[in-house]
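Chemist: This is a predicted model, with the sequence first.
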Amino acid sequence: MTRRAPLTVLIHTSAALVAAASLAVTCRTGLQERPTALAFGVLVTVGELSRWTGARVREAAPLGAAGALSYALLGEDAGRPTHHGVTQVVAVVLAAALLGAVPHIARGQGPVLDHLARRVLTVGFAAVCFQPLYSRGVFDAWHGPAYALLLLALLALTALCDAVLAAALAHARTRWPFGPLLRDELHALLGIGSAVCATGAVMALAVAVVGLWALPVFCLPLLLTQLSFRRYAAVRTTYRQTIASLARATEIAGYTPAGHARRVAGLSRAVGRDLGLTRPELTVLEYAALMHDIGQLSLVDPVPAGATALLSTAEQRRIALLGGAVVRQTGVDAAVAVVVERQADPYREQPVAARIVRAVNAYEEKARDAGPGGPLTALEELRLATAEEYAPEVVESLARVLARDSLTLPSAG
């Protein structure tokens, strides 16, 4: 059984304590404004039922998140002040999220603890920032645009806290650098995150004026946005599968060992993460690593085991340029072709992605058939060649990534 990192345990424990306290208080005092609680509970449940499964997205259930945040920031219902507090908000959202997760859990696709912990802590944070002050009349003087801006500001602050939580959990799980992870989370706020915040604010404002009938009306745009993101994710998945299939041409033709491109791509992406590359840069790096050997199809006689690192520099450059030309013909992003073309250049003249592909490819080739001590031997050879052939920072990053895996190679195939 995998041992969880202390930071993960801390976040999960904090969420569990908040959830337990909220449920206990709510059960003792009873629900306030039950129709309102039921309506928002149904909305969050529907959002969780329609959550994305199998896709690596920042917010898997945007409708559920928007509904939970709007309930946390709800001050009035059709002009009548509400009296639900922080604990009821957390209890209703938690119960609805668990109910909506039942079908996914039955299919083995239930939300991980990270998802529930983030939902409880972020909704609790938003409710703590708004409900006590609203109950005391602090916001009575806020009307019109000022009140709307207040809700947006609270939602933006909550989104920032959620981004920090997501980055911290990812850092604890993967041990990738926290800074780049946080940067990626903040960048993701410009996409579906902004739609969630805007919808949450609009629903809270609309319910305050026209009542609960506003919920089905104003959640529709977010549902359409979610559908568009799903289609976009499906297109990106198909695009990557096409590139992976094209990269296997060298394996099918017998120029490279089975699984070589996939192993180089996976290890290159891990090194890129360790070095702090952004998500778009990681995508370019992964595609270039998958297609880095495509130029070998121009060879009359295959290189033994596809080990281009053993060829002369001139021959390596020729193969790299031919590979780049092939990539350009496929319609793949030109940045991928540049990385493929420059993987054989002197490392001081290479972009970071080309440095990574070159070092990881050499490591995989050297370690592949060297027996149990192959990884350590290959890594030492790369370190000895950092004066001319391989970027020192890339080799050291590779060493850190391999150390997390106990210096073992991924299985072949």
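Modeler: Yep, it's here.
Chemist: if you count residues, which helix in this protein comes out on top?
Modeler: helix 214-247 (DSSP state H).
Chemist: Show me what the next helix or strand after that one is packed up against.
Modeler: Downstream of helix 214-247, the next assigned helix or strand under DSSP states H and E is helix 249-252. On a contact count with 3 or more Cβ pairs under 8 Å, 6 or more residues apart in numbering; DSSP states H and E, helix 249-252 meets helix 260-274. (C-beta placed from N, C-alpha, C; glycine too.)
Chemist: who's in contact with the helix it packs on?
Modeler: Outside helix 260-274, the residues that touch it by Cβ atoms under 8 Å, 6 or more residues apart in numbering are 174, 176-177, 180, 244, 247-248, 250-251, 281-282, 285-286, 289-293, 306, 352-353, 356-357, 359-361, 363-364, 368, 394, 397-398, 400-401, 409-410, 412.
Chemist: Check which residues of stretch 199-210 are buried.
Modeler: Across stretch 199-210, burial judged by 16 or more other Cβ atoms under 10 Å covers 199-208.
Chemist: And for stretch 119-135?
Modeler: Neighbour-count burial for stretch 119-135, counted by 16+ other Cβ under 10 Å, picks out 119-131, 134-135.
Chemist: again, but for stretch 317-331
Modeler: 317-324, 326-328.
Chemist: Might you list the low-confidence residue ranges for the stretch 151-300 of the chain?
Modeler: Within the stretch 151-300 of the chain, the segments meeting pLDDT under 70 span 300.
Chemist: could you measure residue 229 against residue 130, distance?
Modeler: Distance of residue 229 to residue 130, computed by Cβ to Cβ, to the nearest Å: 28 Å.
Chemist: what distance separates the start and the end of stretch 205-219?
Modeler: End-to-end distance for stretch 205-219, by Cα to Cα, to the nearest Å: 13 Å.
Chemist: and if you look at stretch 326-337?
Modeler: Where stretch 326-337 begins and where it ends lie 8 Å apart, using Cα to Cα.
Chemist: Could you do stretch 286-295 as well?
Modeler: First-to-last distance for stretch 286-295 - Cα to Cα - comes to 17 Å.
Chemist: go on, stretch 69-88?
Modeler: So stretch 69-88: terminal residues 13 Å apart, Cα to Cα.
Chemist: So which bits of it are buried?
Modeler: Within stretch 69-88, the residues scored as buried using 16+ other Cβ under 10 Å are 69-75, 77, 82, 84-88.
Chemist: For these, which two are the farthest from each other?
Modeler: Spatial extent of the buried residues of stretch 69-88 (Cβ to Cβ) is set by the pair 77 and 87 at 18.5 Å.
Chemist: picking up where we left off before, ok, the buried residues of stretch 317-331 vs residue 92, which is closest?
Modeler: Closest to residue 92, out of all of the buried residues of stretch 317-331 and judged by Cβ to Cβ, is residue 327, at 52.1 Å.
Chemist: Surely the closest one is in contact with residue 292?
Modeler: No - counting by Cβ atoms under 8 Å, residue 327 stays clear of residue 292, with 9.6 Å between them.
Chemist: Common neighbours of those two, please.
Modeler: Common contacts of residue 327 and residue 292, defined by Cβ under 8 Å, 6+ apart, comprise residue 340.
Chemist: Contact partners for residue 131?
Modeler: Counting by Cβ under 8 Å, 6+ apart, residue 131 makes contact with 72, 84-86, 89.
Chemist: Look up how far residue 103 lies from it.
Modeler: Separation of residue 131 from residue 103 (Cβ to Cβ): 31 Å.
Chemist: now swap in residue 334 and tell me
Modeler: Counting by Cβ to Cβ, the gap from residue 334 to residue 103 is 43 Å.
Chemist: do the same with residue 18
Modeler: 25 Å.
Chemist: can you redo the contacts of residue 131 as a markdown table with distance to residue 144 and pLDDT?
Modeler: Formatted as a markdown table, these follow (distance: Cβ to Cβ, whole Å; pLDDT from 0 to 100):
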| residue | distance to residue 144 | pLDDT |
| --- | --- | --- |
| 72 | 21 | 93 |
| 84 | 24 | 88 |
| 85 | 26 | 88 |
| 86 | 26 | 92 |
| 89 | 25 | 94 |
